[in-house]
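Engineer: sequence and predicted structure below; questions after.
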Amino acid sequence: MNQSFDVIIIGGGHAGCEAAHAAARLGCKTAMITLNRKRIGFMSCNPAMGGLAKGQLVKEIDALGGIMGRMTDRNAIQFRQLNESKGPAVRSSRAQCDKNRYASGMQEFLGTLPGLAILEDEVTRISLEGTQICGVELASGERLTSQCVIVTSGTFLKSVMHYGPEQVKGGRQGDRSAEGLSDALRDLGFRLRRLKTGTPPRLHKDSIDWTKTEPQPGDAIPKPFSFYERSDPFPFLPQIHCFITYTNTQTHEIIYENILSSPMYSGAISGVGPRYCPSIEDKVKRFQDKDRHQIFLEPEGLDVDEIYVNGISTSLPTSVQEKFVRSIEGLERAQFIKFGYAVEYDAIDARQLHRTFESKEVRGLYLAGQVNGTSGYEEAGAQGLMAGLNAALSCKGKSPFILGRHEAYMGVLADDLVLKGSDEPYRMFTSRAEYRLLLREDNADLRLAEIGLKAGLLSAEDHEKVEKKRAAISTCSNELLNKYNYPTAETNTWFVDQGLNAIKDRISAYQLLKRPEVSWNRLKELGHSFEHYSEEVREQVEIAIKYAGYIQRDLDLLATVQRSENTAIPGDLDFDLVPGLSNEIKSRLKETKPETLGQTARIQGVTPAAVANLMIFLKMRASAATRASNNA
């Protein structure tokens, strides 16, 4: 049987879910092909969304009209704002989720999405007509035709799970490996590399002595991820604590004595793991000066017995896991529901993709998520949304959807991947964004709602909510400018009592709020109440006022960079013709194929002089083309 679609998505993880939603939302006839429909939207590892820099990605997905933020809010059992005491540029939201509810909620949502068909099968071949995608072949023998295909296969390409010396094929416990797709991608010219990730044990909640652990409550007043969907009251689900305990010297001794039985150290694993999320074996080996490491005990849901032991990801033999876990305070009688393991899998070199996540060699083929060498649900969801949007826009003959580094963390992610690839699983950090004060999570809707509306993903109703918020911010700022305090005896007594200097001239509430020590509550004490504005509006106004100088500095820097950032490089440019480039730089440019001068400047090993030579060459080439056109 043959079926025809506009867009086919391979995989039902977080990238696949966002891609399927985006493509179907734009009116494309869409198919999601998954090995197991009951695993769609499943949280394979940590039962949480967000975190440092990752919270920004979830907020941006939501701002554009994606679904990850809404699903997180509906199924979160603890909300926490990280870096709350630091500046707004690095604050990030994190939510502990009920992982079963999250997955079932996503499955229910996608199952009723108009235009989306969900097929349970395995893709064994990607079909081409010349260099253009024309469909896929399935293990069942069925052939599907399509204009675009999006590969979101996660950690399942020729995946192997490692439990000490034991090896089992599969990308997740209970799920089989995708064996044929790796070869299909290699046949299409993709460079494959081997990567590794890991997961910790899950323990039965009743086997833990909670009296020996430290409770970690969530925020007293939770802040939702979604800018558009709210419940009253919020949050949707009951909120619960996580808990903290620590490894100790005995734990470390057990691990160190058995470290050669870990496949990471025995040589059984060749794949590179994430540097910033090391296994407990790596922590003990690399940080021998530390006598303990923090462990977070995280419930996986309201109605389940599993506790996720965050901080001891491991692939040691199960017998060793039992021994070292039971040496930890509070876990002496721990009963294992699942043992930790490592997963080794194939990923592509993302430098073979455009910023749209379309292949540079195969038209209509997109790749998104961990198959591109990233780690994390949030990075995957961001890529899936961009790939799904671009595939749909391509089907409709419309211009591609591209975000710049100055517009979103999603733009930083795309730019980093297609320019630098990933020798290890890529993880987003706030330090990767040059303009992080502009790309805060709190203003993602103000930055991206208009873009989401124009792309066709965000509804007009949700966009109107943002415009009302924008208008309220402007009104509030004007009101601050027009409310004054005068140097009366009463007013100056208040200033002195607060440890502030007395004022000599009238001063606006706007100027007062500029001061670090002045808050909305202090303005209220001076007779200026702004409680008729929402907390979100007041937050935006206060950040804009208090950080005005820093924000303007970033805007000035951005204006300078943008002059050359968007200078396009023709896709057929022969870099051998550019004078003054070393063979090494030519090789890097041929491998990466940058699309703009700005991208060229960010390629490792490409010097400022080489960028200048290329810029001059492009200007001369453009001038020659103009003269030829005029003479004709």
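Structural biologist: Yep, it's here.

Engineer: let me know the outermost residue of this protein.
Structural biologist: Taking C-alpha atoms, centre = their mean, the residue of the chain most remote from its mean C-alpha position is Ala489, at 53.8 Å.

Engineer: measure that residue to Leu367 for me?
Structural biologist: Relative to Leu367, Ala489 is positioned 70 Å away (C-beta to C-beta, to the nearest Å). Quick note: C-beta positions are derived from backbone N, CA and C, even for glycine.

Engineer: for Cys148, same thing?
Structural biologist: 12 Å.

Engineer: same question for Ile133.
Structural biologist: Taking C-beta to C-beta, one finds Ile133 at 12 Å from Leu367.

Engineer: what's the answer for Arg230, then?
Structural biologist: For Arg230 relative to Leu367 (C-beta to C-beta), the value is 34 Å.

Engineer: and for Glu358?
Structural biologist: From Glu358 to Leu367 the distance is 9 Å (C-beta to C-beta).

Engineer: give the intersection of the neighbour lists for these two.
Structural biologist: Common contact partners of Glu358 and Leu367 (C-beta atoms under 8 Å, 6 or more residues apart in numbering): Ala387.

Engineer: between the two, which is the more surrounded one?
Structural biologist: More crowded of Glu358 and Leu367, by other C-beta atoms under 10 Å: Leu367, with 27 against 22.

Engineer: count the neighbours of Val123 for me.
Structural biologist: Val123 has 24 neighbours, counted by other C-beta under 10 Å.

Engineer: contacts only, for it.
Structural biologist: Contact analysis of Val123 by C-beta under 8 Å, 6+ apart lists 10, 33, 136-139, 178, 180-181, 184.

Engineer: let me know the closest of those to Glu300.
Structural biologist: Nearest to Glu300 out of those is Ala178 (C-beta to C-beta; 25.3 Å).

Engineer: for Ser319, see how far away the closest residue to the closest one other than its chain neighbours is.
Structural biologist: Distance criterion C-beta to C-beta, 6 or more residues apart in numbering; nearest residue to Ala178, sequence neighbours excluded, is Phe156 at 4.4 Å. Separation of Phe156 from Ser319 (C-beta to C-beta): 28 Å.

Engineer: tell me which other helices or strands the lengthiest helix in the chain touches.
Structural biologist: Ranked by residue count under DSSP state H, the longest helix found in the chain is helix 608-631. Helix 608-631 sits against helix 597-601, with contacts defined as 3 or more C-beta pairs under 8 Å, 6 or more residues apart in numbering; DSSP states H and E.

Engineer: residues in contact with the helix it packs on?
Structural biologist: By C-beta under 8 Å, 6+ apart, helix 597-601 touches 415, 418-419, 561, 564-567, 569, 589, 592, 594, 606, 608, 610-611, 614-615, 618.

Engineer: for stretch 231-248, buried residues please.
Structural biologist: By 16 or more other C-beta atoms under 10 Å, the buried positions in stretch 231-248 come out as 235, 237, 239-247.

Engineer: the domain parsing of the protein - what is it?
Structural biologist: Under the assignment automatic domain parsing, the domains of the chain span 2-200+345-460, 202-342, 482-556, 566-631.
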